[in-house]
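Visitor: here's my sequence, what's the structure:
(4 chains)
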Protein chains: 2
Amino acid sequence: MAKRTTIQDIANKTGYSKTAVSFAFNSPERISKEAVGRILQAAKELDYIPDPMARNFSLGHHMALGFLLPQRVETTLHNPYMQQVIRGVAEVCQEHGYMLTLIPPLHSSVEEAVKNATVDGIITIGLIIDKNIRGVFRRRHLPLVSIDGAADDEIYSVSIDDTAAARMQLEKVLEKGHRNIAIISLPDDAYADRFQNADTIVRRRKRGYLEALKAYSISQSSIILEAADATIDGGIKSAEKILSSSHPTCFVCMSDAVAIGVINVLSRQGLEDISVIGFDGIVDDMASVPELTTIYQSGKEKGLKSAEILFRLLDGEVDTPMQTLIPYSFHEGETLKEVSWK
Amino acid sequence: MAKRTTIQDIANKTGYSKTAVSFAFNSPERISKEAVGRILQAAKELDYIPDPMARNFSLGHHMALGFLLPQRVETTLHNPYMQQVIRGVAEVCQEHGYMLTLIPPLHSSVEEAVKNATVDGIITIGLIIDKNIRGVFRRRHLPLVSIDGAADDEIYSVSIDDTAAARMQLEKVLEKGHRNIAIISLPDDAYADRFQNADTIVRRRKRGYLEALKAYSISQSSIILEAADATIDGGIKSAEKILSSSHPTCFVCMSDAVAIGVINVLSRQGLEDISVIGFDGIVDDMASVPELTTIYQSGKEKGLKSAEILFRLLDGEVDTPMQTLIPYSFHEGETLKEVSWK
DNA sequence: CTGTTAGCGCGTTCAA
DNA sequence: TTGAACGCGCTAACAG
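Guide: Numbering: from 1, shown residues only, chains lettered A, B, ... in the order given. So this is what the prediction gives:
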């Protein structure tokens, strides 16, 4: 493995200085046409390409945004909704000539991952940002935008009004007459119990559910509550567990991936008359699942907005609002039916 | 924006040398417990975290693999099959404590993107690697693994036997009696015509189709041939175009994303009796589309294998075979029917 | 065993 | 057009 050619080699070969070589590549107008020609020629002959890491190091930037995965790859990247978000972020990066670096937990630690991430700023999703992690961002002067995170005045966030959206979701179900309901929630962050006061997305949505129940004067105790990873598999396991001990007329899911898993189980068990409503609206990806009734929110939009905010922060713009709300809507499909009184 | 705390600040504050500070973080056993304690304490007080870029620069690595997008984000990341591949790569990166950097074309140039990518190695997919790009990889000493690329003795590649798989695909169709067939191919790389001799995936598959036709003594001229981006939208547009001027009994698609688009159009136009067969097997993601008949290949497996090869190359292992073949199989669904003679 | 000095990696840029 | 300093952390070589 021969040593890489460096700027010094080109300087030596041409007789010009390192500075001149640097100019030839970055500001050709600063030196004579002849010098530029000679230098570029020598660079070609010696197979020289300025090393991007040395360059970035010198310039003090990375030309990359980071997308911090709150959980392991197997879990996080298995959610089609997440993929929409990533697409949105990636498009904005592309526009800015940036790369997008996916950052998995390092040695199972999100905090370690942030410490070592070679990026100019980070976007994360559904992560509870505790004191420790927050400290790392501060110490590294690393700007952060949090999607679907816990409400927090000190962190830039992008989300929908989850409480209102969840209330709408459950009310649509109640309107159809369902009273025997199973709710499949998202897994509260592993550390959530250490942060009783963190206003997570799960808690916000649960508040919405409670509001809906209250509006219909229904007791909370009549609801079955489970949690599952936001994957098809998570939905399958959860549905099987619930069905083994009870018989709801409707499954209310906090993610479409879970809803699809539930539908699979219902279809296998011949229980197609049971209703299902999802959350996310991954119809964009799965044009063949138009029939899933769900609460739609645009993952891509969240990604776009987050990346735009991050680039604004990197540009030093300070007049950026801390909270950004995205619209959501009810998407009528075929999986939420009038309750059937047998 | 206050200046970042550096290793020198900690050295000054504690009275130890920079070396000692470095040791405290990287080889605590190298110095006394007391020194480590003092230094780490001072680091905490001064909010010091070693800068990862400076560290990587010094160590000569990036701790990141690159995934080079052959086209714009909007196109590439819209393909669920691509997402499977990325998941596979990401999992291996995670195992190695690496990040995964998505690299979009820079100023519309894939070559520019490679020049500036701050990664230790690159995986790409479906890219024709011309002389210029190849030169950049060589000059940068950047290892490369190509998925679904043009066959090439000098490049590490991972793929299936596309010719045989395509032949199988079309033969399944012919077996069912179809003779009026529309094939929707992938877009040959924009530069493909400049590389008449490049053995691209499209060309390999077309050879397979020809073999199938020959085996059934069918004239090539009776086939309708279109090309479309590997997205749902690409399938929709292509199907609409084809149906406006002809009436095939079966659509043979080179990607499931396209097949789903076709199915959408057929369903909208009340033409559900027309058959469709896809390619890829994105069933993993779309558990609700089990009915699509397709040629299955594991995108995730390609991602895993590619990343493993890349890490092996980074470890300096030279006994790695240039070509890696992955299995494929026929997946029977419900969208390929016996031809109906009205 | 503990700790330090000095120089490296590679491009960028200020002051001349 | 250039010499020299700089960014920041790592580490070979060396001294006590």
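
Visitor: just the closest residue of the stretch 151-300 of chain A to DNA strand D, please.
Guide: Nearest residue of the stretch 151-300 of chain A to DNA strand D, counting by Cβ to the nearest atom of the strand: A:Y156, 24.0 Å away. All C-beta atoms are positioned from the backbone trio N, CA, C, and that covers glycine.

Visitor: please give me every residue in contact with the residue nearest to that residue when sequence neighbours are not counted.
Guide: In space, and not counting its chain neighbours, A:Y156 is closest to A:V145: 4.5 Å by Cβ to Cβ, 6 or more residues apart in numbering or on different chains. The neighbours of A:V145, taking Cβ atoms under 8 Å, 6 or more residues apart in numbering or on different chains as the test, are A:121-124, A:155-158, A:306-307, A:309-310, A:313.

Visitor: can you tell me which helix or strand of chain A has the lowest average pLDDT?
Guide: Lowest by mean pLDDT, DSSP states H and E among the helices and strands of chain A is helix A:256-268, with a mean of 91.

Visitor: go ahead and confirm A:D153 touches A:D199.
Guide: No. Here A:D153 lies out of contact with A:D199, judged by Cβ atoms under 8 Å, at a distance of 11.0 Å.

Visitor: farthest pair in the contacts of A:V145?
Guide: Farthest pair in the contacts of A:V145 (Cβ to Cβ) is A:I155 and A:A307. Separation: 15.9 Å.

Visitor: so which of these two has more stuff around it?
Guide: Neighbours were counted for A:I155 and for A:A307 using other Cβ atoms under 10 Å in any protein chain shown; A:A307 has more, 28 against 17.

Visitor: what's the spacing between that one and B:L210?
Guide: A:A307 sits 45 Å away from B:L210, going by Cβ to Cβ, to the nearest Å.

Visitor: quick one on the thing from earlier: inside strands: which ones of the contacts of A:V145?
Guide: Secondary structure from DSSP state E places A:121-124, A:156-158 of these in strands.

Visitor: circling back to that earlier point, more crowded one of A:D153 and A:D199?
Guide: Neighbour count, other Cβ under 10 Å: between A:D153 and A:D199, A:D199 has more, with 16 against 7.

Visitor: return the residues in contact with the more buried one.
Guide: Per Cβ under 8 Å, 6+ apart, neighbours of A:D199: A:150-152.

Visitor: ok, A:E45 next?
Guide: By Cβ under 8 Å, 6+ apart, the contact set of A:E45 is A:K13.

Visitor: how much space between it and A:T5?
Guide: To A:T5, A:E45 is 10 Å away according to Cβ to Cβ.

Visitor: now swap in A:E171 and tell me
Guide: From A:E171 to A:T5 the distance is 67 Å (Cβ to Cβ).

Visitor: what sits against the nearest residue to A:I49 once chain neighbours are set aside?
Guide: Distance criterion Cβ to Cβ, 6+ apart; nearest residue to A:I49, sequence neighbours excluded, is B:R139 at 5.0 Å. Going by Cβ under 8 Å, 6+ apart, B:R139 touches A:5, A:47-49.

Visitor: with A:L292 instead?
Guide: By Cβ under 8 Å, 6+ apart, the residues touching A:L292 are A:256, A:259-260, A:263, A:276, A:278, A:283, A:331, A:333-335, B:288.

Visitor: how much space separates it from A:G235?
Guide: A:L292 sits 12 Å away from A:G235, going by Cβ to Cβ.

Visitor: now the closest residue to A:L292 other than its chain neighbours: phi and psi?
Guide: Counting by Cβ to Cβ, 6+ apart, the nearest residue to A:L292 once its immediate chain neighbours are dropped is A:G333, at 4.7 Å. The phi/psi pair for A:G333 (degrees, to the nearest 10) reads phi -120, psi -140.

Visitor: what's the spacing between A:G333 and B:P80?
Guide: Here A:G333 is placed at a distance of 20 Å from B:P80 (Cβ to Cβ).

Visitor: still on that earlier bit, what touches both of A:L292 and A:G235?
Guide: Common neighbours of A:L292 and A:G235 (criterion: Cβ under 8 Å, 6+ apart): A:259-260.

Visitor: confidence score at A:D130?
Guide: Reported pLDDT at A:D130 in the predicted model: 92.

Visitor: for it, give its distance to B:E34.
Guide: To B:E34, A:D130 is 30 Å away according to Cβ to Cβ.

Visitor: repeat for A:S17
Guide: As judged by Cβ to Cβ, A:S17 and B:E34 stand 47 Å apart.

Visitor: who's more crowded, these two?
Guide: For A:S17 versus B:E34, neighbours defined as other Cβ under 10 Å are more numerous around A:S17 (13 against 8).

Visitor: so where does A:A212 fall, helix or strand?
Guide: Per DSSP states H and E, A:A212 falls inside helix A:201-215.

Visitor: what packs against the helix or strand that that helix is followed by?
Guide: Counting by DSSP H and E, the next helix or strand C-terminal to helix A:201-215 is strand A:223-227. On a contact count with 3 or more Cβ pairs under 8 Å, 6 or more residues apart in numbering or on different chains; DSSP states H and E, strand A:223-227 meets strand A:181-185, helix A:201-215, helix A:232-243.

Visitor: output the next helix or strand after the last one as CSV, nothing but the C-alphas.
Guide: Following helix A:232-243 in sequence order, the next helix or strand is strand A:250-253 (DSSP H and E). Coordinates of the C-alpha atoms in strand A:250-253 are reproduced here as CSV (Å, rounded to 0.1, in the frame of the first residue of the first chain):
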residue,chain,number,x,y,z
CYS,A,250,-60.8,-3.0,17.3
PHE,A,251,-57.0,-2.6,17.4
VAL,A,252,-55.7,1.0,17.8
CYS,A,253,-52.1,1.1,16.8
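
Visitor: what lines up beside strand A:250-253 in the sheet?
Guide: Strand A:250-253 pairs in its sheet with strand A:181-185 (parallel), strand A:275-280 (parallel), by DSSP bridges.

Visitor: and it, how far out from the chain middle?
Guide: Strand A:250-253 sits 23 Å away from the centroid of its parent chain (Cα atoms, centre = their mean, to the nearest Å).

Visitor: in space, what's closest to the spatially most central residue of chain A - neighbours in sequence excluded?
Guide: Residue closest to the mean C-alpha point of chain A, counted by Cα atoms, centre = their mean, is A:I125 at 4.1 Å. By the measure of Cβ to Cβ, 6+ apart, the closest residue to A:I125 outside its immediate chain neighbours is A:I147, 4.1 Å from it.

Visitor: re earlier: can I get the contacts of B:R139 in TSV with distance to B:L100 and secondary structure?
Guide: Below are the contacts of B:R139 laid out as TSV (distance: Cβ to Cβ, whole Å; DSSP: H, G, I helix; E, B strand; the rest coil):
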residue	distance to B:L100	secondary structure
A:T5	28	coil
A:D47	28	coil
A:Y48	28	coil
A:I49	23	coil
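
Visitor: go back to those residues and keep what's next to DNA strand D.
Guide: Contacts with DNA strand D are made by none of the contacts of B:R139, judged by Cβ under 7 Å from any atom of the strand.
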